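Q: sequence plus the predicted model coming up.
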Amino acid sequence: MNSEHLEKIRTGSGFIAALDQSGGSTPKALKAYGIEESEYNDDIEMFDRIHEMRTRIITSQSFSGTRILGAILFENTMDRSIDGMGSADYLWNVKGVVPFLKVDCWHLLLLLVVRVMVVPSLVIIIHMLDLLGERLLMF
C-alpha cells in the first residue's frame, strides 16, 4: 500500500465496497443481478459476466472516492482492465478508491502445512512464501 492509499484509509470517510465474488459466490451474485446460470457456459464466461457487472458498478458516476474509501477485489478482477487500465489503477487513478486484493489461497496454506508436516523443510516454506509474495507484488 502506498502512502497516499494509507492516508486515504486513515483519514477519509466512506465505506469499503466488497466486489470480491470468487468462484463459489459468483453464480449467486450474478443471479441477484439478473443473470441466470443458463446465460454462461463455463467459468470463463461466468467471470466475464461478473467483470462486466463490476465494471458497470465501478464506472458509475455514483461510485467515487467521495463516498467509497476502498474496494475489495477478487484476484481475477485484478488481472482484468476497466476502460483500458488495470482494475486497481482505474480505481485509484480515476475514482480515488483504494484497491484491496482479497487473498483467497487457503489451498496454498493447506499445501504448505501438509508439506511442512510431512517433509520439514525451510526451503519449501520460503519457496511457497516467495510464490505468494511475487503474486501480491504484481498488484
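A: In hand now; what should we look at?
Q: tell me which stretches of this protein form helices.
A: 3-11, 26-32, 43-59, 75-78, 87-93, 106-118, 122-137 (DSSP state H).
Q: elements contacting the second one?
A: Helix 26-32 is packed against helix 43-59, with contacts defined by 3 or more C-beta pairs under 8 Å, 6 or more residues apart in numbering; DSSP states H and E. Using the backbone N, CA and C atoms, a C-beta is placed for each residue, glycine as well.
Q: do the first one as well
A: Helices and strands touching helix 3-11, by 3+ C-beta pairs under 8 Å, 6+ apart, are strand 68-73, strand 98-101.
Q: report the residue ranges of every domain in the chain.
A: Per automatic domain parsing, the domain ranges recorded for the chain read 3-101, 106-137.
Q: lowest-confidence stretch among those domains?
A: Across the domains of the chain, domain 106-137 has the smallest mean pLDDT, namely a mean of 51.
Q: quick one: contacts for Lys31?
A: Shown in contact with Lys31 (C-beta atoms under 8 Å, 6 or more residues apart in numbering): Glu37.
Q: from Val97, how far out is it?
A: According to C-beta to C-beta, to the nearest Å, Lys31 and Val97 sit 26 Å apart.
Q: for the domains of the chain, which one ends up most surrounded?
A: domain 3-101 (a mean of 16; mean count of other C-beta atoms under 10 Å).
Q: ends of it, what's the gap?
A: One end of domain 3-101 to the other measures 17 Å (C-alpha to C-alpha, to the nearest Å).
Q: check stretch 17-37 too.
A: OK, stretch 17-37 end separation, C-alpha to C-alpha: 24 Å.
Q: go on, stretch 6-25?
A: 29 Å.
Q: got it, and stretch 28-41?
A: 15 Å.
Q: off-centre distance for it?
A: Mean C-alpha position of stretch 28-41 versus that of the full chain (C-alpha atoms, centre = their mean, to the nearest Å) differs by 20 Å.
Q: so how far is Gly96 from the spatially closest residue to Gln21 that is not a sequence neighbour?
A: Excluding the flanking residues, the one nearest Gln21 by C-beta to C-beta, 6 or more residues apart in numbering is Ala29, at 4.5 Å. Noted for Ala29: a distance of 25 Å to Gly96, by C-beta to C-beta.
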